[in-house]
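J.: Please find the sequence and the predicted model below.
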Amino acid sequence: MKVYADYAATTNVAPDVVAEITDVLSNQYGNASSIHTIGREGRRILDQARSTIAKRLNVTPREIIFTSGATESNNLAIKGVAYKNQHKGKHLITSSIEHHSVLHVFEQLEKEGFEVTYLPVDSHGFVTIEALKHALRDDTILVSIMFGNNEVGTVQPIDEIAQLLKDHQAIFHTDGVQTIGHMPIDLKALDVDLFTITAHKFYGPKGVGLLYVKDKTPIQFQQLGGAQETKRRAGTENIAYIAGMAKALELATENIASSNIQLSQLKQTFINALQTLEIPFELNGDMNMTLPHITNLYFPFSDVEKMLTILDMNGVYVSSGSACTAGSIEPSHVLTSMFGEHPRTKQSIRFSLSHQNTEEEVTYIAQQIKKIYEMSR
Ligand SMILES: *Cc1c(COP(=O)(O)O)cnc(C)c1O
């Protein structure tokens, strides 16, 4: 059996999305900036995708900037706000469990003279409103806290944070990548200033994403050289992939409730199977306020490196949440924030499922883990 259970790293591309992309690629090659008929056809597809996406997120089309994915969107949001607003203050706030495309940007800004507060999380992976209130200062210009964590699945109180910041000058950015398709997202109601999305986490193609920029948010655009995206992000638009992302977003937002029920059942079956097989494990994260597709487990009997290799050989494709650099696994910064220096940070695995997975598959994963457990004794 072959089981892919690494959907938080990337998803396959949905057949309807492939069809949409193929159709645009085959039939439309115009540059959306050309004013002749062929160019205008490209422009029409681009405008249509933008309006579809805007409707789904409940924003206006001009508040969307298409990018090459979440890494670019996060860079643009954070650098863009920091550089544009530094006359109002140089203090920035983020959390210690952000994706590296957020954390590494803040580290760079620190080198450039900004002051950054990294909010800690509790042992379940939550930032507290109290800690944020305590960290906020008159010279804070940006708060960037992720919505759903990609390693442990915890969901931060983004609406409460947005309310808290309503009467503060700080601009609020959230990396919403993992929430798409798992939570209904209404950006007007949520009232954030900046929101990051990438298509390949919800059955769209890799290399395309967007940044929602609420109207009038002061931000310095980073990519110069053309008038695309109303001069906010230069470079010829990847029309086919943007159309694909629009299709993927439509599909992902259609069946959230039923897909979540299915995912919760799969998670429960998986956990039950581990218990029935008497495998020792503990959950990293929380059973409530969590994304249903992510299950991060601590197995106190094996290093992840060994475990991931054996699982791979047996057709189970999963990750540790941590970064894998040149084949060696660093302890996860997310688990380190939750538990400090503890073997747990190197003995945990992230299983991220999809509605495409089956009960047989998650049972198979549990059986493979049982074999590893028995070898370790
Ligand atoms: C995958 C991911 C990213 C990076 O997205 P890319 O499109 O690959 O750059 C950023 N943030 C989170 C939370 C992610 O899961």
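T.: Noted; the coordinates are in hand. Numbering: from 1, shown residues only.
J.: can you map out the strands along the chain?
T.: In the chain, the segments counted as strands under DSSP state E are 3-4, 64-67, 91-95, 115-119, 140-144, 171-175, 194-198, 209-213, 282-284, 294-298, 316-317, 324-325, 328-329, 348-352.
J.: Ser320 - how many residues pack around it?
T.: Neighbour count of Ser320, defined by other C-beta atoms under 10 Å: 24. To be clear about C-beta, it is placed using only N, CA and C from the backbone, and glycine gets the same treatment.
J.: where's it relative to the ligand, distance?
T.: Separation of Ser320 from the ligand (C-beta to the nearest ligand atom, to the nearest Å) stands at 14 Å.
J.: Distance of the closest residue to that residue other than its chain neighbours relative to Ala5?
T.: Spatial nearest neighbour of Ser320, excluding adjacent residues (C-beta to C-beta, 6 or more residues apart in numbering): Val304 at 4.2 Å. Distance, Val304 to Ala5, using C-beta to C-beta, to the nearest Å: 14 Å.
J.: circling back to that earlier point, mind giving me a markdown table with the strands of the chain and columns for distance to Arg56?
T.: Putting the strands of the chain into a markdown table (distance: least, C-beta to C-beta, whole Å) gives the following:
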| stretch | distance to Arg56 |
| --- | --- |
| strand 3-4 | 26 |
| strand 64-67 | 11 |
| strand 91-95 | 27 |
| strand 115-119 | 30 |
| strand 140-144 | 23 |
| strand 171-175 | 17 |
| strand 194-198 | 10 |
| strand 209-213 | 11 |
| strand 282-284 | 31 |
| strand 294-298 | 22 |
| strand 316-317 | 30 |
| strand 324-325 | 33 |
| strand 328-329 | 37 |
| strand 348-352 | 23 |
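J.: ranking the ones you listed by mean pLDDT, which is last?
T.: Least confidently modelled of the strands of the chain is strand 324-325, at a mean of 56 by mean pLDDT.
J.: Would you mind giving the strands of the chain as JSON lines with mean neighbour count and distance to the ligand added?
T.: What follows is the strands of the chain, written out as JSON lines (neighbours: other C-beta atoms under 10 Å; distance: least, C-beta to the nearest ligand atom, whole Å):
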{"stretch": "strand 3-4", "mean neighbour count": "20", "distance to the ligand": "16"}
{"stretch": "strand 64-67", "mean neighbour count": "25", "distance to the ligand": "9"}
{"stretch": "strand 91-95", "mean neighbour count": "24", "distance to the ligand": "12"}
{"stretch": "strand 115-119", "mean neighbour count": "18", "distance to the ligand": "16"}
{"stretch": "strand 140-144", "mean neighbour count": "25", "distance to the ligand": "11"}
{"stretch": "strand 171-175", "mean neighbour count": "27", "distance to the ligand": "5"}
{"stretch": "strand 194-198", "mean neighbour count": "28", "distance to the ligand": "3"}
{"stretch": "strand 209-213", "mean neighbour count": "26", "distance to the ligand": "5"}
{"stretch": "strand 282-284", "mean neighbour count": "19", "distance to the ligand": "16"}
{"stretch": "strand 294-298", "mean neighbour count": "24", "distance to the ligand": "10"}
{"stretch": "strand 316-317", "mean neighbour count": "19", "distance to the ligand": "16"}
{"stretch": "strand 324-325", "mean neighbour count": "10", "distance to the ligand": "14"}
{"stretch": "strand 328-329", "mean neighbour count": "12", "distance to the ligand": "18"}
{"stretch": "strand 348-352", "mean neighbour count": "26", "distance to the ligand": "10"}
